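Peer 1: sequence and predicted structure below; questions after.
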Amino acid sequence: MKPYPLIPVVLAGGAGTRLWPQSRRAHPKPFMRLPDGETLLEKTLKRALGVSDAGLIVVTAKDQGFLAERELERCAADAKARFLLEPMGRNTAPAIALAALEAERMAQGPAVLLVLAADHLIADLSAFGADVRHAQALSSQGWLVTFGIVPSHPETGFGYLKLGAPLDGSARVVDAFVEKPDRATAQAYLDSGAYLWNSGMFCFLSNWPPTRPICSPARARSTKTASNAATASTIQPSCSAS
C-alpha cells in the first residue's frame with residue numbers, strides 16, 4: 001500500500017510562561033534565538049520541510065503570525081506553507097482539527113498529519129526522518145502513532161507511555177498513557193524499562209475518526225464553520241506561495 005502524502009503540522013501557540021521573563025506572550029519560547037543563531041521554531045520548520053511530501057501547516061496566534069512567517073523565510077523562502085492564525089487560543093484539539101481540514105485541501109484528499117511541537121530540540125535528524133517514514137506507513141494503514149523517548153532519569157514533568165506488544169519493527173502498541181507521575185512512580189517506570197516519555201508528537205490520517213468529531217459533534221461543527229469562514233488574513237500561504 002502506497003502511503004498517503006505527509007503534511008507536517010507545527011503547533012506554535014502558547015506563551016512558554018515557565019521560561020518567563022525570557023519567554024513572554026508577545027515573544028514566546030519557539031521564537032527565542034539559541035546560541036547557534038537559530039530559533040527552536042526555525043529548527044522545527046527545517047525538520048518538517050525535510051520530511052514533507054506536500055507542504056506544511058503552521059498553527060500560531062494571530063499576533064505571532066508575522067514572526068512565524070519570518071522564521072519560515074529564513075528556512076526556505078519558496079516553501080509551500082499555510083498559516084492558521086488563531087484570534088484566540090482554543091488548545092490543541094481544535095488546532096489539529098483545523099489543520100486536518102486544511103491538509104485535505106492541500107493534498108486534495110486524505111493526508112497523513114505529522115503533528116510537531118515548535119519547541120523541541122532534536123539532534124539526530126537521520127533517525128527522526130526514518131522514524132517519521134515508519135510512522136507515515138503505519139498511519140496510512142489506520143494507526144495513530146505517537147513518538148516515545150527513552151527516559152534517562154525519573155522525570156516528573158513529562159507524561160509516559162506504557163509499552164505493549166510489538167507491532168512492526170521498532171513500533172509497539174501503547175498499553176496506556178500515564179500523566180505526570182510523582183518521583184517514586186517515575187523511578188519505578190525507569191527501572192522497569194517498560195515506559196517511554198511521551199514526546200507529544202503524533203502521526204495519523206487526516207480523516208482518522210477523532211479528527212472528525214473532535215470530542216463532540218458541536219465542536220466539529222464549530223471547527224468546520226471556522227475553517228469555511230476563514231479569510232486570507234487567517235489562513236494564508238507564505239509570501240512566495242501561489
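Peer 2: Sure, I can see it.
Peer 1: all helices for this structure, in order.
Peer 2: 40-51, 65-75, 92-107, 125-140, 183-192, 217-229 (DSSP state H).
Peer 1: nearest to residue 117, of those helices?
Peer 2: helix 40-51 (7.5 Å; Cβ to Cβ). C-beta coordinates here come from the backbone N, C-alpha and C atoms, glycine included.
Peer 1: flag the helix or strand of this structure with the lowest per-element mean pLDDT.
Peer 2: strand 235-237 (a mean of 39; mean pLDDT, DSSP states H and E).
Peer 1: with residue 191 as the reference, measure out to the residue lying farthest from the centre of the chain.
Peer 2: Distance from the centre of the chain peaks at residue 184, with 30.1 Å (Cα atoms, centre = their mean). Using Cβ to Cβ, to the nearest Å, we find residue 184 at a distance of 11 Å from residue 191.
Peer 1: again with residue 133
Peer 2: For residue 133, the distance to residue 191 - Cβ to Cβ - is 32 Å.
Peer 1: between these two, which has more neighbouring residues?
Peer 2: Using other Cβ atoms under 10 Å, the more surrounded residue of residue 133 and residue 191 is residue 133, with 13 against 10.
Peer 1: pretty sure that one sits against residue 53.
Peer 2: No: counting by Cβ atoms under 8 Å, residue 133 does not reach residue 53; the two are 10.3 Å apart.
Peer 1: quick revisit: which residues does the residue farthest from the centre of the chain contact?
Peer 2: Residues near residue 184 by Cβ atoms under 8 Å, 6 or more residues apart in numbering: none.
Peer 1: same check, this time on residue 118
Peer 2: 10, 11, 12, 30, 40, 41, 44, 60.
Peer 1: at 10 Å what do you get?
Peer 2: 10-14, 16, 28-31, 39-45, 48, 58-60, 68, 71 (Cβ atoms under 10 Å, 6 or more residues apart in numbering).
Peer 1: columns mean pLDDT and distance to residue 168 on top of the helices of the chain, output as a markdown table?
Peer 2: Shown next, in a markdown table, are these (pLDDT from 0 to 100; distance: least, Cβ to Cβ, whole Å):
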| stretch | mean pLDDT | distance to residue 168 |
| --- | --- | --- |
| helix 40-51 | 92 | 19 |
| helix 65-75 | 82 | 32 |
| helix 92-107 | 87 | 24 |
| helix 125-140 | 94 | 6 |
| helix 183-192 | 97 | 23 |
| helix 217-229 | 67 | 31 |
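Peer 1: just put these in CSV and tack on distance to residue 116.
Peer 2: Output for the helices of the chain, formatted as CSV (distance: least, Cβ to Cβ, whole Å):
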stretch, distance to residue 116
helix 40-51, 6
helix 65-75, 13
helix 92-107, 11
helix 125-140, 10
helix 183-192, 25
helix 217-229, 20
